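Engineer: Give me coordinates for this.
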Amino acid sequence: RNTKWLCVMLTNIVGHHLMVRQAMIPRNLKPFPYICGNRMLSGYKPKNNVKDSYKILELEEGCSLDDIRNSYRSLAKKYHPDSGSATADSEAFMKVEEAYRVVLSDAATKKKANENNEEEEDQFKPKAPQHRHYLSFEGVGFGTPSQREKQYMQFRVDRATEQVLEYRKQRLESQRAVTDLMKAKDVKQSKKVKITQAVERLVEDLIQESMAKGDFDNLSGKGKPLQKFSDCPHIDPMTHNLNRILIDNGYQPEWILMQKEIRETIERLRRSIVASRSKLGGPMTPYRQKQWNRICEQFIEDIRKLNRRIDNFNLVVPILSRQMVHFSADKEIVRAQKTYEALMENKEASNSDTKENEEENVKRFGWKSSLFKWLNL
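Structural biologist: This next block holds a predicted model:
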């Protein structure tokens, strides 16, 4: 206690002449703040102040310097008197600034303490002797460094030889696997060829049997040579000849039949909707309008099915220019309405013509008809 009291008295007397540093103060005096003039002998700060500063900055202890700076900037923009914001407050800004300085000081102190601890740990770490750099041969060999180097070179040669042998082994295994795969493919191809040949022989036998029975005697081209192949280079001559023979004998390709079916279907749908509209007549009452809406819904569903059929047709048609586009149900309904109106106009015109002809006949033969009536009486 006497020692502490003596130190305090001396520092108060000569404080303005003595440059006090933290390293000059004994360790047992550092936790106590003693004033030397206008300076604090100890850098100790109360923990409550530091904790409050972290709370003011909305941070947690141990955060990085970037987090501290970002938090300070955001709060400064919020509370600075010159910011022009609705939350501007000079007192709050002063608290934020003071807390920022305290937190920065605390972070710097912790960083310096960590660096000092690392330096002390490095000082007490055992240093390896200099002769250890001779042990860089992956722990191979024994004896002097030159002997160990020779042994290490021999070890590398042996290891390289083993790696080459392993690579050659893997390569031979892969080649064997490829050879097995090729053999399997050859077996599969040979089976396929055998099946194809068997089918061809079966077809040939069936043709010969049918010819013997006389099933081909009714063909129009019996005993005549085949016509020349097509001169078009883009058409397979065999396919062209087969298609021509089928067409000549009443057979047609699938896409031609589908095209014919699509055209017949759209014509039938057009006639049916025009007939339904003519059956309803005019003017359109609410009841007739409901019936017309039901007819249109059914017509739209039929057009949707027809468009699916067109998609299937476009997949099998061999010529791009022969492909068809979808039909629009709305356009077809408008077309049916116009067709109905045209039919009604033609009907009215024909009725007016018949009435005029009847009037002319009455004017021309009126006296004869009256004479016949008098005679009959």
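Engineer: May I have stretch 150-160 as PDB, with CA atoms only?
Structural biologist: Presented in PDB, the C-alpha positions along stretch 150-160 are these (Å, rounded to 0.1, in the frame of the first residue of the first chain):
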ATOM      1  CA  LYS A 150      20.600 -41.700 -54.800                       C
ATOM      2  CA  GLN A 151      18.100 -44.000 -52.900                       C
ATOM      3  CA  TYR A 152      15.300 -41.500 -53.500                       C
ATOM      4  CA  MET A 153      16.100 -41.300 -57.200                       C
ATOM      5  CA  GLN A 154      15.900 -45.100 -57.400                       C
ATOM      6  CA  PHE A 155      12.600 -45.000 -55.500                       C
ATOM      7  CA  ARG A 156      11.200 -42.500 -58.100                       C
ATOM      8  CA  VAL A 157      12.300 -44.700 -61.000                       C
ATOM      9  CA  ASP A 158      10.600 -47.700 -59.400                       C
ATOM     10  CA  ARG A 159       7.400 -45.800 -58.700                       C
ATOM     11  CA  ALA A 160       7.300 -44.500 -62.300                       C
END
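Engineer: which residues touch that stretch?
Structural biologist: Contacts with stretch 150-160, where a contact means CB atoms under 8 Å, 6 or more residues apart in numbering, come from 137-138, 140-143. To be clear about C-beta, it is placed using only N, CA and C from the backbone, and glycine gets the same treatment.
Engineer: List the buried residues in that stretch.
Structural biologist: Tyr152 (16 or more other CB atoms under 10 Å).
Engineer: quick revisit: among the contacts of stretch 150-160, which two are most distant?
Structural biologist: Glu138 and Gly143 (15.4 Å; CB to CB).
Engineer: any chance you could map the helices in the stretch 101-250 of the chain?
Structural biologist: All helices of the stretch 101-250 of the chain, identified by DSSP state H, counting those that start in this stretch, fall at 145-213, 237-248.
Engineer: Heading C-terminal from the shortest one, find the next helix or strand.
Structural biologist: Read in the C-terminal direction, the helix or strand following helix 237-248 is helix 254-280, with elements assigned using DSSP states H and E.
Engineer: Run through the neighbouring helices and strands of that next one.
Structural biologist: Identification of packing neighbours for helix 254-280 by 3 or more CB pairs under 8 Å, 6 or more residues apart in numbering; DSSP states H and E yields helix 286-316, helix 329-376.
Engineer: quick one: contacts of the helix or strand containing Arg73?
Structural biologist: Per DSSP H and E: Arg73 is located in helix 65-79. With contact meaning CB under 8 Å, 6+ apart, helix 65-79 is reached by 57-59, 83, 85, 87-90, 92-93, 96-97, 100, 103-104, 107.
Engineer: again, 10 Å this time
Structural biologist: By CB atoms under 10 Å, 6 or more residues apart in numbering, the list of residues contacting helix 65-79 from outside reads 54, 56-60, 63-64, 83, 85-97, 99-101, 103-104, 106-108, 111.
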